[in-house]
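A.B. asks: this is a predicted model, with the sequence first.
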Amino acid sequence: MKGFPKTLKTKADYYNCLAMVAAGELDAADLERKIESLEKQRYIQCAVVETAPEKKAVIIYYCAEAAEGMVFDADGVTGTVTAVTHIQSEKAREMEENGNDRTVLTLSKGVEAAGGVIALETAAMVAGMTADDIKALKGVLKQYE
């Protein structure tokens, strides 16, 4: 990543890097990796413990940030969280632990996420860019790959 700025904190920083790619001063793949990393900052990654038989609900480890209306992404399937319930697992009850240790997410779409990860969107903007801004930047970058 020779010539790559040490920090990219703003939308202008990313577009300056795009100009460097256009000028041949920076490899497009390096900027693409940074953009993907930026995109991931919008989400909390939650391990899925169990998927309901109808696949429209998942149980994850306790997540206090989970809320109704959040956007989710599970292996490319995106939708919204329609309900959130915090529960205590059977194992925690057997060990006489206090408090909830699992979160049940009811989803707008069915997912195949058992043993995988579901990403919950926590920020509409990162580095001053919305999801649409990031998508546009990636689209322009594709012409230099």
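C.D. replies: Here it is on my side, so go on.
A.B. asks: give me the number of residues near Asn98?
C.D. replies: Residues near Asn98, counting by other CB atoms under 10 Å, number 7. Backbone N, C-alpha and C define where each C-beta goes, glycine included.
A.B. asks: is it true that it lies in a strand?
C.D. replies: No. Assessed with DSSP: H, G, I helix; E, B strand; the rest coil, Asn98 is coil; it does not lie in a strand.
A.B. asks: how far away is it from Gln143?
C.D. replies: With distances taken as CB to CB, to the nearest Å, Asn98 is found 56 Å from Gln143.
A.B. asks: one more: Met125?
C.D. replies: Applying CB to CB to Met125 and Gln143 gives a distance of 25 Å.
A.B. asks: and for Pro5?
C.D. replies: 21 Å.
A.B. asks: chain neighbours aside, what residue packs nearest to the residue positioned nearest the centre of the chain?
C.D. replies: The centroid of the chain falls nearest to Tyr43 when counting by CA atoms, centre = their mean (3.1 Å). Nearest residue to Tyr43, sequence neighbours excluded (CB to CB, 6 or more residues apart in numbering): Ala119, at 3.9 Å.
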